[in-house]
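# Turn this into a structure:
(chains A and B)
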Protein chains: 2
Amino acid sequence: MIPIELKKSFEDIVGAHNYDDSKAGRLVYSYDATPQFQSLPDAVIAPNNTEEVAAIVKLCNEYKIPIVPRGSGTNLCAGTCPTEGGIVLLFKHLNQVLEIDEENLTATVEPGVITLDFIHQVEERGLFYPPDPSSMKISTIGGNINENSGGLRGLKYGVTRDYVLGLEIVLANGDVIKTGGKLAKDVAGYDLTRLFVGSEGTLGIITNAILKLIPMPESKMTMLALYQDLEAAAKSVSTIIANKIIPTTLEFLDQPTLKVVEDFAKIGLPTDVKAVLLIEQDGPIDIVKRDMLKMAAICEREHAVSVKVADSEKEADDLRTARRSALSALARLKPTTILEDATVPRSEIAKMVVATNEIAKKYNLTVCTFGHAGDGNLHPTCLTDVRNHEEIERVEKAFEEIFIKAIELGGTITGEHGVGVMKAPYLELKVGKEGIAAMQAIKSSLDPNNILNPGKVFAKDSRKRVVITT
Amino acid sequence: MIPIELKKSFEDIVGAHNYDDSKAGRLVYSYDATPQFQSLPDAVIAPNNTEEVAAIVKLCNEYKIPIVPRGSGTNLCAGTCPTEGGIVLLFKHLNQVLEIDEENLTATVEPGVITLDFIHQVEERGLFYPPDPSSMKISTIGGNINENSGGLRGLKYGVTRDYVLGLEIVLANGDVIKTGGKLAKDVAGYDLTRLFVGSEGTLGIITNAILKLIPMPESKMTMLALYQDLEAAAKSVSTIIANKIIPTTLEFLDQPTLKVVEDFAKIGLPTDVKAVLLIEQDGPIDIVKRDMLKMAAICEREHAVSVKVADSEKEADDLRTARRSALSALARLKPTTILEDATVPRSEIAKMVVATNEIAKKYNLTVCTFGHAGDGNLHPTCLTDVRNHEEIERVEKAFEEIFIKAIELGGTITGEHGVGVMKAPYLELKVGKEGIAAMQAIKSSLDPNNILNPGKVFAKDSRKRVVITT
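Take a look at the predicted model:
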């Protein structure tokens, strides 16, 4: 509960119409895209500018009230679920692309800008912003920065972190700092820019970002390689890269995923094969054509049963859209969809896919696997029903085994979804007790009252997935 | 002074032959490449492995003894000068390339590996490690990571930070943590990897690194564009990039630099022009040729008096080598060479060059300017004599004005050299009091006893440059 005098102060800061503590208003922001996490905030506040954010944070720090910064809440780690109540901070008034600087190849944006809108604005100038999380139609740049979002183009172009040059951040004490700038190089002190990218709103509130743009690739081609053997598909991935070709996209879909995606998208995807690779390359047309020929030859050598280049941009776009719709398509099948993102060195993908299937079989679960194979970033997705407690227990055990296997193969518990609440109990698997202690030391140093998105990243208890809290 | 019982403990850890507290041994490590900083350490220790590093750090933490990790000491910010005494930690026994993994395009290295040796090993496999600081013949990878070193290829390929995927770090409390991995994506907790890159040995001791490699570009071409007008050269730089061409290298040398470099290298550089751009592009040969033609046309349009492509790899190599020798060449002219690295958005290079010249004139100083123009990373270099106190005072004032101007233009006080002792008094100009407070909070949280490279990054007093301490 927000004390009445504090409510008054918040309303004075943002205007009464930007403060909502109605039951309905709170309910809307009590969950995000993560299945089965729900918790009511005490209020929802939509500040108009950085100064208002700073004033809100100062008050929250004084009164020790949790703040959960939230873009569109498309994350899959319960990163924006207000598990400890407090305030959900919305960025709907901070949603402008302030500048696209063609000379320095930078853009300055507010955190509430929708990712795809931004990408379109940039592309109109012949420029390119590569990070393209599957949720980009809805997700915000601020959310992408807080989660260090990846996407389909990560293999060649990297992730959100690689495109953030500078930030304006409101710290827990209300201080406003600016990091980086329109600078290709800057080593003035610690790299706070990259520390804050991916810190899930637990270290500060990002209110402005300078992003790096690159020239738009001149052309793009898309290819589909079909396999009757999962391992052959995985082998193709590492062989392509060992042959020193870095394609833009190297996506993997297994047969169960393929079937539901085709059923959803109806674009004529083959559903009688065990696995598919969706391969894209961009760049100067001659080089793209050459790379496509080389990759096609590699896929055939690795026993692809068919390799086909998309005939038109429409066909290519359909394929990409179908791939991006995998989660939505899978989500239609069962009441609860749990999508994970265990990630391994790309040389280990075949082993990881095989292990995932074995684990699914062992626990008698439906697990579909797709993902960014070129990055070693797989999305084993379990179709289940949270009301079936016995099955959920098996799901829990299966994913724990999947994470342990990923770590054993030199991988990580999350490649691009973040830790949030969902992965917090597993963080120690990857970074060890000592790593967690170091991260907690940093957290405490910047947010001693633990008001910034509390309960995220660091596990409070052994509670794992799929618990309903209302 | 190291207490006698502690000396015994150190010798037990590393072996007596790896512990040196002789006057001569200490003198060798009392300075680095930074002019006019000198301070004797109490001892020099060369551990054999991570466990020994951890044991040393634990003892130092207990006894509150400063540790200065040191590669080859080629940094220019007094980053490895043991200004507060204590121990200089050498990595001469930790100097192996442990693995080059062609399937995952990674290398695993110890910190003491010489940068150029590593680059050669990588290139033998047809792979490419782009960070190429001018000191790469001598510098170590560990030093590069601690300083987040840049280089000539930074414009297209980024800096050291962009190639560090994982680290093994000994923390101040002796804990050994591992961050990242052979992973294209990893968002398991805070990005400690990037926080430690460029932290100048003040947050932990790096004992192992996993580096990202990329395929070797297929071909490379080199071009020299000559100008009778500094601003025309600077304008060419931003016009090339605004035309959506990102060359590998876009180096700038002004006439005074050109003259001394030619005098040093004797490769027939023109010395009758006001400025030169050294431009390189790499990639598939047809694309490189096309880009070179486009860039040549832009340079001519921007009033270059001559544009010439190097005829042979030898000629190109001579040009690159000459550019890399700029500091050594300049250093021959006067007893003291102070090389700075004020960095601005690339659109502001012309203004920065003009301002630098005006400031030099105002203070009646010899300042030569060269640097990575494509990155906006300039190296105004003052040729002076530290014994001339009156002139040094003018140097001090001039550089302060240069830094203020860089900040005014949206730039930074250091693009690639680091803060160390040299730039510490200026850090506030860039990051503000609040930014320093945030960085200090992180430092204190990870190194509460301030044993890791104390006196660096954060200014202890208002002392600025060029003070001899023995």
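# Outline the domain layout of chain A.
Following automatic domain parsing, chain A resolves into domains at A:4-90, A:97-215, A:219-262+A:272-323, A:334-446.
# Including mean neighbour count and distance to chain B, could those domains go into JSON lines?
Quick note: C-beta positions are derived from backbone N, CA and C, even for glycine. Below are those laid out as JSON lines (neighbours: other CB atoms under 10 Å in any protein chain shown; distance: least, CB to the nearest CB, whole Å):
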{"stretch": "domain A:4-90", "mean neighbour count": "20", "distance to chain B": "9"}
{"stretch": "domain A:97-215", "mean neighbour count": "23", "distance to chain B": "4"}
{"stretch": "domain A:219-262+A:272-323", "mean neighbour count": "20", "distance to chain B": "4"}
{"stretch": "domain A:334-446", "mean neighbour count": "22", "distance to chain B": "4"}
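# Now mean pLDDT too, for those, in CSV please.
Putting those into CSV (pLDDT from 0 to 100) gives the following:
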stretch, mean pLDDT
domain A:4-90, 96
domain A:97-215, 97
domain A:219-262+A:272-323, 93
domain A:334-446, 94
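# Mind checking what helix or strand follows the one helix or strand residue A:402 maps to in sequence?
If you go by DSSP states H and E, residue A:402 is part of helix A:389-408. Sequence order places helix A:427-446 as the next helix or strand after helix A:389-408, per DSSP H and E.
# Contacts for that following helix next, please.
Helix A:427-446 is contacted by residues A:171-172, A:195, A:202-204, A:403-404, A:407, A:412-413, A:419, A:450, A:457-459, B:171, B:175-179, B:188-190, B:192, B:195, B:438, B:441-442, B:444-446 when judged by CB atoms under 8 Å, 6 or more residues apart in numbering or on different chains.
# Now do stretch A:5-16: distance to the chain's middle.
Averaged C-alpha coordinates place stretch A:5-16 at 33 Å from its chain's average position (CA atoms, centre = their mean, to the nearest Å).
# Residue B:398 versus residue A:191, what's the distance?
Going from residue A:191 to residue B:398 by CB to CB, to the nearest Å gives 29 Å.
# Apologies, that question was intended for residue A:248.
47 Å.
# Then residue A:300?
In terms of CB to CB, residue A:300 sits 65 Å off from residue B:398.
# And residue A:269, by the same measure?
Taking CB to CB as the measure, residue A:269 falls 66 Å from residue B:398.
# Residue A:225 touches residue A:235, doesn't it?
No - Residue A:225 is not in contact with residue A:235 according to CB atoms under 8 Å; the separation is 11.6 Å.
# can you map out the helices along the stretch 1-150 of chain A?
In the stretch 1-150 of chain A, the helices defined using DSSP state H, counting those that start in this stretch lie at A:4-14, A:23-28, A:50-63, A:115-123, A:141-147.
# Quick one, which of those helices gets closest to residue A:157.
Minimum separation from residue A:157 across these (CB to CB) falls at helix A:115-123, 12.4 Å.
# Kindly export that closest one (C-alpha atoms) in CSV.
C-alpha atoms of helix A:115-123 as CSV (Å, rounded to 0.1, in the frame of the first residue of the first chain):
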residue,chain,number,x,y,z
THR,A,115,11.5,-1.8,-31.4
LEU,A,116,10.0,-2.5,-34.9
ASP,A,117,8.8,1.2,-35.3
PHE,A,118,12.3,2.2,-34.6
ILE,A,119,13.7,-0.3,-37.0
HIS,A,120,11.4,1.0,-39.7
GLN,A,121,12.4,4.6,-39.1
VAL,A,122,16.0,3.7,-39.3
GLU,A,123,15.5,1.7,-42.5
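# packing partners for that helix?
strand A:97-101, strand A:106-109, helix A:141-147 (3 or more CB pairs under 8 Å, 6 or more residues apart in numbering or on different chains; DSSP states H and E).
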